[in-house]
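Chemist: Could you work out the structure for the sequence below:
(chains A and B)
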2 protein chains.
Amino acid sequence: MQPGQILARGVLRALRDLGMSGLPEMPLRPRLRADVMAIGRKGEIWIVECKSGRADFRADRKWQGYLEWCDRYFWAVDADFPLDLLPEETGVILADGHGAEVLREAPHCPLAPARRKALTLDFARRAAGRLHMLSDPRPGLLL
Amino acid sequence: MQPGQILARGVLRALRDLGMSGLPEMPLRPRLRADVMAIGRKGEIWIVECKSGRADFRADRKWQGYLEWCDRYFWAVDADFPLDLLPEETGVILADGHGAEVLREAPHCPLAPARRKALTLDFARRAAGRLHMLSDPRPGLLL
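Modeler: Numbering: from 1, shown residues only, chains lettered A, B, ... in the order given. Predicted structure coming up:
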């Protein structure tokens, strides 16, 4: 696993403990994919981007593009990450491969209803499609 | 696998070919669980109940309870099933463990928007939760 994927594993575990159902590698539009998207009991949508270090963070020119796709936006970083790099108006999750915790809550910027509806449907279909692929793998079938 | 689960496998494959993302064993309310629920690109919701034979069908006292949880309702049965047992106002899918095909389209009875929204959210969270459990199994953790 890549360092970012290791953080994502811990993030997904912690999200579930928070009652948020998470899905890794969720495409939002062409060339924009959330490391983790999660949906809560009332339909609230979070996006978590996992950054393995300073270089990985600095290379990211598109993070503000995620803000319009979620109610709350978080970074997930490990304990060695220089936290003062992270923009103030974002949430912060401290993560490793085994778990994670919210260090700073993210501001709440509610999605428009039509986008929430479309995102929830896309998430539902994608999660079910991946589950099916894992549950009933068939050689030669590409998804 | 039980006979009904074998049919469900074929049904799930065929649904995907139809652009419907299916999830087996979807709870709707206490003591009511759909064998297969599926969501289409525009959010349409189908329920498919799998019946392995005459006795299995006759034992089902609750099928009409499914109608209020979907836009279209189908039975899935195998080639030996006596089709004249099935109520006329329902869809019919002919299935085996490898695939399935729609034999009779189901009437369209659109869900109310609030129920569609709640069902889609529940489906999304459940599919993601099961995917997570398969992708990152942890001993001792019961879901």
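
Chemist: Can you pull up the most central residue in chain A?
Modeler: Ranked by distance to the mean C-alpha position of chain A (CA atoms, centre = their mean), the top residue is residue A:36 at 2.0 Å.

Chemist: List the single closest residue to that one in space, sequence neighbours excluded.
Modeler: Spatial nearest neighbour of residue A:36, chain neighbours left out: residue A:48 (4.2 Å); criterion: CB to CB, 6 or more residues apart in numbering or on different chains. The C-beta positions use only the backbone N, C-alpha and C, and glycine is treated the same way.

Chemist: There's contact between the one you found and residue A:72 in this structure, I believe.
Modeler: No - in this structure residue A:48 lies outside contact range of residue A:72 using CB atoms under 8 Å: 9.2 Å.

Chemist: Show me which of those two is the more surrounded one.
Modeler: Using other CB atoms under 10 Å in any protein chain shown as the criterion, residue A:48 and residue A:72 rank with residue A:48 on top: 30 against 22.

Chemist: Sketch out the low-pLDDT regions of chain A for me.
Modeler: By pLDDT under 70, the weakly predicted segments of chain A are A:139-143.

Chemist: Tell me the residues of it that contact chain B?
Modeler: Residues of chain A lying close to chain B (CB under 8 Å from any CB of the partner chain) are A:9, A:12-13, A:16, A:21-23, A:38-39, A:41, A:43, A:117, A:120-121, A:123-132, A:134-136, A:138.

Chemist: Can you say which of those are buried?
Modeler: Buried residues within these, counting neighbours by 16 or more other CB atoms under 10 Å in any protein chain shown: A:9, A:12-13, A:16, A:21-23, A:38-39, A:43, A:117, A:120-121, A:123-132.

Chemist: Among those residues, which are located in helices?
Modeler: Among those, DSSP state H puts A:9, A:12-13, A:16, A:117, A:120-121, A:123-132 in helices.

Chemist: still on that earlier bit, and the strand or helix carrying the residue nearest to residue A:36, what other elements does it pack with?
Modeler: Residue A:48 belongs to strand A:45-51 when assigned by DSSP states H and E. If contacts are counted by 3 or more CB pairs under 8 Å, 6 or more residues apart in numbering or on different chains; DSSP states H and E, strand A:45-51 sits against helix A:3-17, strand A:32-39, strand A:72-77, helix A:113-135.

Chemist: what do you get if the cut-off is 7 Å, keeping everything else the same?
Modeler: helix A:3-17, strand A:32-39, strand A:72-77 (3 or more CB pairs under 7 Å, 6 or more residues apart in numbering or on different chains; DSSP states H and E).

Chemist: out of these, deepest packed?
Modeler: Ranked by mean neighbour count under mean count of other CB atoms under 10 Å in any protein chain shown, the helices and strands packed on strand A:45-51 are led by strand A:72-77, which reaches a mean of 26.

Chemist: Which strands border it, and is each parallel or antiparallel?
Modeler: strand A:45-51 (parallel), strand A:91-95 (parallel) (DSSP bridges).

Chemist: Point out the most buried one among those strands.
Modeler: Of the strands paired with strand A:72-77, strand A:45-51 is the most buried (mean count of other CB under 10 Å), at a mean of 25.

Chemist: Residues contacting it, please?
Modeler: Contacts with strand A:45-51, where a contact means CB atoms under 7 Å, 6 or more residues apart in numbering or on different chains, come from A:4, A:7-8, A:11, A:20, A:34-39, A:57, A:63, A:66, A:69-77, A:81, A:93, A:111, A:116, A:119.

Chemist: sorry, back to before: and the strand holding residue A:48, how far from the chain's centre?
Modeler: 3 Å (CA atoms, centre = their mean, to the nearest Å).

Chemist: Please work out the angle formed by the directions of that strand and strand A:32-39.
Modeler: Strand A:45-51 runs at 130 degrees relative to strand A:32-39, counting by axes from the mean of the first three to the mean of the last three CA atoms, to 10 degrees.

Chemist: Now the element after strand A:45-51, going C-ward?
Modeler: helix A:54-58.
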